[in-house]
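Visitor: Just the structure for this:
(4 chains)
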There are 2 protein chains.
Amino acid sequence: MLDTPPIDIVRTQSLTSLVQREVERLILTGELAPGERINEQHLAARLRVSRGPVREALRGLEKARLVEAKVNRGVYVRELSVEQALEISEMRGLLTGYACARLAASSTAEQRARLAQLIETMAAAIAAGDAPAYYEHNLAFHDALMDYAGNARAKEMYDALVKESHLSRRKSLFSARAMAESNAEHRVILDAIRKGDAAAAREAGERHIVGGRRRFLDAIGMAEMRPG
Amino acid sequence: MLDTPPIDIVRTQSLTSLVQREVERLILTGELAPGERINEQHLAARLRVSRGPVREALRGLEKARLVEAKVNRGVYVRELSVEQALEISEMRGLLTGYACARLAASSTAEQRARLAQLIETMAAAIAAGDAPAYYEHNLAFHDALMDYAGNARAKEMYDALVKESHLSRRKSLFSARAMAESNAEHRVILDAIRKGDAAAAREAGERHIVGGRRRFLDAIGMAEMRPG
DNA sequence: AAAACTCAAACTGTCGACAGTTTACATCAT
DNA sequence: ATGATGTAAACTGTCGACAGTTTGAGTTTT
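Guide: Have a look, this model is predicted:
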């Protein structure tokens, strides 16, 4: 396994939670690849911990859908089929649409200003051809949307879906054109929110994810799976 | 703790999964009440199992939001605030609306027939004043909706939300009037699906859950918290 | 009588070990 | 060479034990 620094004992939180966070990090960054087996003993030795906390952490990650456990056969980083990835994206779209509708119904001036600011930052990233920066601020924009919507449960579900979507082997490397398209949709969303048009905001939020899915499929050359 | 039969060792599945299922059952049936502490040692002794599998099972239930773990202080059956219960119901409504829209866009004759059949069964239960039967078939109706929608992820999220909603201490004991209202909404949903009107189906599905929430609030005498 | 303190019992977090299963390799047969 | 077979190593599932923390009863102090 990989060279991560061992975890030190902290009395205010359990080793399990630390292991869980660390393994989650390894998965989300791709250091542990989808389909890869996670060896309990090696992982425990790596983190200078016994197998107990490791097993508990893996059980948690299993429920979070980041790993799959096969009885007597070990735990594997979950692999996402294209179909599963699309389902996840559809659910993200649903939640995003919901959040947009809620914001259209009630949002503060500061919230709208913050969203506008993020859109401008993304525009700057596109102009600079800085895809990683775009990616980062895009995440922040969607986080803000879900945050401001005021439904904690919705945000948690959304966050879980985003984590899960990282299991997709295909890294979403956007072209400049795709980024521009995406950010234009962000503007449509914000406009609808500003107008207080909940139905339009919802539609724009859902469309945005559908558009993201299309851009994703185009990027991996599976345009034929476009939603019909 | 309670008098459940001990779990026997089966080699094809782990004790952890059996313990998890059993504790989940205890929680969903209310034998373990929200707020109640779950003693690892007692539970392990009850089920004739060591603490390892019990701890792993509880870790899974924590991620499923059925229990909460406090470091060094044990695991408690989760308590739901009214606000949290409403958030859950809102998410159920969102998913239900989604499923209805999908079904309006594409469903088979058998599926529509099955839904119609469930509605008639519920009508019979109402006529007979059989609230438990209504409750059961209502669950089946909503299960079928999510099943037929064809998005496995959506169904899993929905199922998780339903389980979580059982944490609400207020048991939803419906009056005959509430049941009749609820079933009338079922008919509206099915009509929209039959007409292939996705927007109407979605609206009907969401309204149905909102209506359920109103009936719920009426029942517990908190009408003032009606969504505004 | 109420609050602060003391100490033992109870409990959680963690560990190392054992049993049973799976996996991988070496050997043998074809 | 290829496939089947047997065996040892590796790994998972489970258990019992120990250490540190929390809880609660009993005692002392104000």
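Visitor: hey, let's count contacts and neighbours off CA atoms from now on
Guide: Noted.
Visitor: pretty sure A:Y76 belongs to a helix, no?
Guide: No. Under DSSP: H, G, I helix; E, B strand; the rest coil, A:Y76 sits outside any helix and is assigned strand.
Visitor: Could you find the closest non-adjacent residue to it?
Guide: Counting by Cα to Cα, 6 or more residues apart in numbering or on different chains, A:R37 is the residue found nearest to A:Y76 once chain neighbours are left out, at 4.3 Å.
Visitor: how about the one you found, phi and psi?
Guide: Phi and psi for A:R37, reported as degrees, to the nearest 10, are phi -80, psi 140.
Visitor: element containing the residue nearest to the spatial centre of chain A?
Guide: Against the mean C-alpha coordinate of chain A, by Cα atoms, centre = their mean, the closest residue is A:V162 at 2.0 Å. If you go by DSSP states H and E, A:V162 is part of helix A:152-165.
Visitor: before we move on, what about A:L190?
Guide: helix A:176-195.
Visitor: quick revisit: show me the residues around the residue nearest to the centre of chain A that make contact.
Guide: Counting by Cα atoms under 8 Å, 6 or more residues apart in numbering or on different chains, A:V162 makes contact with A:R92.
Visitor: again, only using 6 Å
Guide: Applying Cα atoms under 6 Å, 6 or more residues apart in numbering or on different chains, we find A:V162 in contact with no residue.
Visitor: what's the spacing between it and A:R25?
Guide: 13 Å (Cα to Cα, to the nearest Å).
Visitor: packing partners for the longest helix seen in chain A?
Guide: What stands out as the longest helix in chain A, according to DSSP state H, is helix A:82-105. Helix A:82-105 sits against helix A:131-149, helix A:198-219, with contacts defined as 3 or more Cα pairs under 6 Å, 6 or more residues apart in numbering or on different chains; DSSP states H and E.
Visitor: Give me the next element, helix or strand, following it.
Guide: helix A:109-127.
Visitor: For that following helix, give me every contacting residue.
Guide: Contacts to helix A:109-127, defined as Cα under 6 Å, 6+ apart, come from residues A:133-134.
Visitor: Could you export that helix as CSV, CA atoms only?
Guide: Taking Å, rounded to 0.1, in the frame of the first residue of the first chain, the C-alpha atoms of helix A:109-127 are listed here in CSV:
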residue,chain,number,x,y,z
ALA,A,109,-28.7,39.4,-0.9
GLU,A,110,-25.4,38.2,0.5
GLN,A,111,-26.0,34.7,-0.7
ARG,A,112,-26.8,35.9,-4.2
ALA,A,113,-23.7,38.1,-4.1
ARG,A,114,-21.6,35.2,-3.1
LEU,A,115,-22.9,33.1,-6.0
ALA,A,116,-22.3,35.9,-8.4
GLN,A,117,-18.8,36.2,-7.1
LEU,A,118,-18.1,32.5,-7.6
ILE,A,119,-19.4,32.7,-11.2
GLU,A,120,-17.0,35.6,-11.9
THR,A,121,-14.1,33.7,-10.4
MET,A,122,-14.9,30.7,-12.6
ALA,A,123,-15.1,33.0,-15.6
ALA,A,124,-11.6,34.2,-14.8
ALA,A,125,-10.4,30.7,-14.5
ILE,A,126,-11.8,29.9,-17.9
ALA,A,127,-10.1,33.0,-19.4
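Visitor: List the buried residues for that helix?
Guide: By 16 or more other Cα atoms under 10 Å in any protein chain shown, the buried positions in helix A:109-127 come out as A:112, A:115-116, A:118-119, A:121-123, A:125-126.
Visitor: Name the nearest of those relative to chain B.
Guide: Using Cα to the nearest Cα, A:R112 is the member of those that lies nearest chain B, at 22.0 Å.
Visitor: what's the span of stretch A:103-116 from first residue to last?
Guide: One end of stretch A:103-116 sits 14 Å from the other (Cα to Cα).
Visitor: Enumerate the residues of chain A near chain B.
Guide: Taking Cα under 6 Å from any Cα of the partner chain as the contact definition, chain A meets chain B at A:56, A:59-60.
Visitor: change it to 10 Å
Guide: A:11-14, A:16, A:52-53, A:55-64, A:70-72, A:83-88, A:90-91, A:94-95, A:98, A:150-154, A:157, A:161 (Cα under 10 Å from any Cα of the partner chain).
Visitor: Can I have the buried ones of those residues as a ChimeraX selection?
Guide: Per 16+ other Cα under 10 Å, the buried members of those correspond to this ChimeraX selection:
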select /A:16,52,53,55,56,57,58,59,60,61,62,63,64,84,85,86,87,88,90,91,94,95,98,150,151,152,153,154,157,161
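Visitor: number of nearby residues for A:D130?
Guide: Per other Cα atoms under 10 Å in any protein chain shown, the neighbour tally for A:D130 reads 13.
Visitor: you'd agree the residue nearest to A:Y76 is up against A:V75?
Guide: Yes. Using Cα atoms under 10 Å, A:R37 is in contact with A:V75, at 5.9 Å.
Visitor: shared neighbours, those two?
Guide: A:67-69 (Cα atoms under 10 Å, 6 or more residues apart in numbering or on different chains).
Visitor: And DNA strand D, is stretch A:71-89 touching that?
Guide: Yes. For stretch A:71-89, a contact with DNA strand D is found by Cα under 7 Å from any atom of the strand, at A:71-75.
Visitor: Format the helices and strands packed on helix A:82-105 as JSON lines; extra columns: distance to A:A176.
Guide: Shown next, in JSON lines, are these (distance: least, Cα to Cα, whole Å):
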{"stretch": "helix A:131-149", "distance to A:A176": "8"}
{"stretch": "helix A:198-219", "distance to A:A176": "11"}
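Visitor: Which of the ones you listed sits closest to A:A105?
Guide: Closest to A:A105 of the helices and strands packed on helix A:82-105, according to Cα to Cα: helix A:198-219, at 6.0 Å.
Visitor: CA atoms only for that closest one, dumped as CSV, please.
Guide: C-alpha atoms of helix A:198-219 as CSV (Å, rounded to 0.1, in the frame of the first residue of the first chain):
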residue,chain,number,x,y,z
ALA,A,198,-38.7,28.9,-8.6
ALA,A,199,-39.8,26.7,-11.5
ALA,A,200,-37.3,28.3,-13.8
ALA,A,201,-34.5,27.9,-11.2
ARG,A,202,-35.3,24.3,-10.7
GLU,A,203,-35.4,23.7,-14.4
ALA,A,204,-32.0,25.5,-14.8
GLY,A,205,-30.5,23.5,-11.9
GLU,A,206,-31.6,20.2,-13.3
ARG,A,207,-30.6,21.1,-16.8
HIS,A,208,-27.2,22.1,-15.6
ILE,A,209,-26.5,18.6,-14.3
VAL,A,210,-28.0,17.0,-17.4
GLY,A,211,-25.7,19.3,-19.4
GLY,A,212,-22.8,18.2,-17.2
ARG,A,213,-23.7,14.6,-17.9
ARG,A,214,-23.7,15.3,-21.7
ARG,A,215,-20.3,17.0,-21.5
PHE,A,216,-19.1,14.1,-19.5
LEU,A,217,-20.3,11.5,-22.0
ASP,A,218,-18.9,13.6,-24.9
ALA,A,219,-15.6,13.7,-23.1
